[in-house]
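Asker: Build me a model:
(one chain, ligands or ions: 3)
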Amino acid sequence: MELTITRPDDWHVHLRDGDLLEAVVPHSAGIFGRAIVMPNLKPPVTTTASAVVYRESILNVLPSDSNFNPLMTLYLTDNTSPEEIKLARKSGVIYAVKLYPAGATTNSQDGVTDIFGKCLPVLEEMIEQNMPLLVHGEVTDPEVDIFDRERIFIDTILRPLIEKLPELKVVMEHITTMDAVKFIQSCSGSNVAATVTPQHLLLNRNSLFQGGLRPHHYCLPVLKREEHRAAIVSAVTSGSKQFFLGTDSAPHERGRKESSCGCAGIYNAPVALSLYAKVFEQAGALDKLEAFASFNGPDFYGLPRNSSTITLKRSPWKVPKSYSFPSGEIIPMSAGHTLDWLPLFS
Ligand SMILES: NC(=O)N[C@@H](CC(=O)O)C(=O)O
Ligand SMILES: [Zn+2]
Ligand SMILES: [Zn+2]
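Answerer: Ligands and ions are numbered 1, 2, ... in the order given. Sure, this is the predicted structure:
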């Protein structure tokens, strides 16, 4: 059996830089037409000028026959100016601005400390320029239980923000809870959406401790209870246009994951599409995969859908145990496992 769909895009990916960039770009570019590229490098991509340079470095490592189009983002800080948003729009290569609450996740230390106090003029300019805000939706207060950080972010920051600026386009990235599902569904109109990762559709928090501590299942927001996973699966397989594909593929060198203080992030670019297909097949909703993977994202961003296609063959294939690159190894999600849907590269 084969399934041919419009070529999907990845609306949330970390391509990193240096030799890690070189190692991971071909995996994303082989499957996806476009990708929204996260700006949390060291130092972060806070200006249009640095986003343009970063984009060039991605284009430089693309396989020669690739049409992959990296859609760049700016990293929002307390000091981002409305002028920078105008420049970003004018550049023609920047498609969104990313909110990392300071301290919430990998390389977020330069993120926003007080969105209402520091960022309203920038957000108003984003409305003007029709530039979406992408949100890592977790509060950073260390007193708040890590499993509650997304829910409390919705109540204390996201809902008030959307009430204050209803015209702002907002994507809640990598949602992990039924609270987020309900919140997204409660936002009427077309301005609020969410991306969903393969790991949050397939794994619950038990997978962090299955037979021992599993650093390769650790990402942020952290995996939640089974009831949350099930709610996210129902939402994406319902056919709602408010949910779309964003892998959050986030490679870290093996030693940085398998460590006494391991980094958050799951590398899933080579397996993501196969895993999404598995989720939709298990839910009896394979007919809804194409909209989730290839239509809802571009429709939300106001971009054309891709004109090329990709074919998935229902044929078992074995995921490599690791990928080597000059400074080490990266371990993909489902490493060493057999998956059912094989993407045929075109
Ligand atoms: N998801 C993660 O666990 N990590 C991401 C950052 C992020 O998306 O929050 C990373 O950059 O490693
Ligand atoms: Zn994040
Ligand atoms: Zn991410």
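
Asker: CA only for contacts and neighbour counts going forward, please
Answerer: Fine.

Asker: need the residues of the stretch 101-250 of the chain near ligand 1, please.
Answerer: 105-106, 219-220, 248, 250 (CA under 6 Å from any ligand atom).

Asker: Distance check, Asn191 against Phe68.
Answerer: 26 Å (CA to CA, to the nearest Å).

Asker: And those two? Which one has more around it.
Answerer: Phe68 (21 against 17; other CA atoms under 10 Å).

Asker: Next one: the more buried one relative to ligand 1, how far apart?
Answerer: Counting by CA to the nearest ligand atom, to the nearest Å, the gap between Phe68 and ligand 1 amounts to 21 Å.

Asker: now do Ser28
Answerer: 16 Å.

Asker: And Gly18, by the same measure?
Answerer: Where ligand 1 is concerned, Gly18 sits at a distance of 15 Å (CA to the nearest ligand atom).

Asker: And the strands in this structure?
Answerer: 2-6, 10-13, 34-37, 69-75, 94-99, 133-135, 170-172, 192-196, 243-245, 309-318, 323-325, 328-330, 338-344 (DSSP state E).

Asker: Name the stretch among these that sits most buried.
Answerer: strand 243-245 (a mean of 31; mean count of other CA atoms under 10 Å).

Asker: And the contacts of that one?
Answerer: Residues outside strand 243-245 that contact it (CA atoms under 8 Å, 6 or more residues apart in numbering): 9-12, 193-197, 235-236, 291-294, 296-297.

Asker: Also stretch 2-14?
Answerer: With CA under 8 Å, 6+ apart, stretch 2-14 has contacts from 31-40, 173, 195, 244-251, 290, 293-295, 297, 305-314.

Asker: Could you turn the buried ones of the residues of the stretch 101-250 of the chain next to ligand 1 into a PyMOL selection?
Answerer: The buried residues among these can be selected in PyMOL (16 or more other CA atoms under 10 Å) with this line:
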select buried, resi 105+219+220+248+250
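
Asker: Turn the residues of the stretch 101-250 of the chain next to ligand 1 into JSON lines, including pLDDT.
Answerer: Output for these, formatted as JSON lines (pLDDT from 0 to 100):
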{"residue": "Thr105", "pLDDT": "94"}
{"residue": "Thr106", "pLDDT": "94"}
{"residue": "Cys219", "pLDDT": "98"}
{"residue": "Leu220", "pLDDT": "98"}
{"residue": "Asp248", "pLDDT": "99"}
{"residue": "Ala250", "pLDDT": "98"}
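
Asker: wait, which of the residues of the stretch 101-250 of the chain next to ligand 1 is closest to Tyr276?
Answerer: Nearest to Tyr276 among these: Asp248, at 13.0 Å, using CA to CA.

Asker: The closest one touches His174, doesn't it?
Answerer: Yes. Using CA atoms under 8 Å, Asp248 is in contact with His174, at 6.9 Å.

Asker: quick one: common contacting residues for those two?
Answerer: Thr197.

Asker: List the contacts of Ala264.
Answerer: 105-106, 218-220, 257.

Asker: distance of Glu290 from Ile146?
Answerer: For Glu290, the distance to Ile146 - CA to CA - is 33 Å.

Asker: more crowded one of those two?
Answerer: Set Glu290 next to Ile146 and count neighbours by other CA under 10 Å: Glu290 wins out with 20 against 16.

Asker: where along the stretch 201-346 of the chain do the helices fall?
Answerer: Ranges of helices in the stretch 201-346 of the chain, per DSSP state H, counting those that start in this stretch, are 226-237, 254-257, 272-282, 289-290, 296-301.

Asker: list the helices and strands the last one packs on?
Answerer: Looking back up the chat, that one is helix 296-301. Applying 3 or more CA pairs under 8 Å, 6 or more residues apart in numbering; DSSP states H and E, we find helix 296-301 packed against strand 243-245.

Asker: Give the pairing partners of the strand it packs on; include direction for each.
Answerer: Strand 243-245 sits in its sheet next to strand 192-196 (parallel), going by DSSP bridges.

Asker: okay, the angle between the strand it pairs with and helix 226-237?
Answerer: Orientation of strand 192-196 against helix 226-237 (axes from the mean of the first three to the mean of the last three CA atoms, to 10 degrees) gives an angle of 110 degrees.
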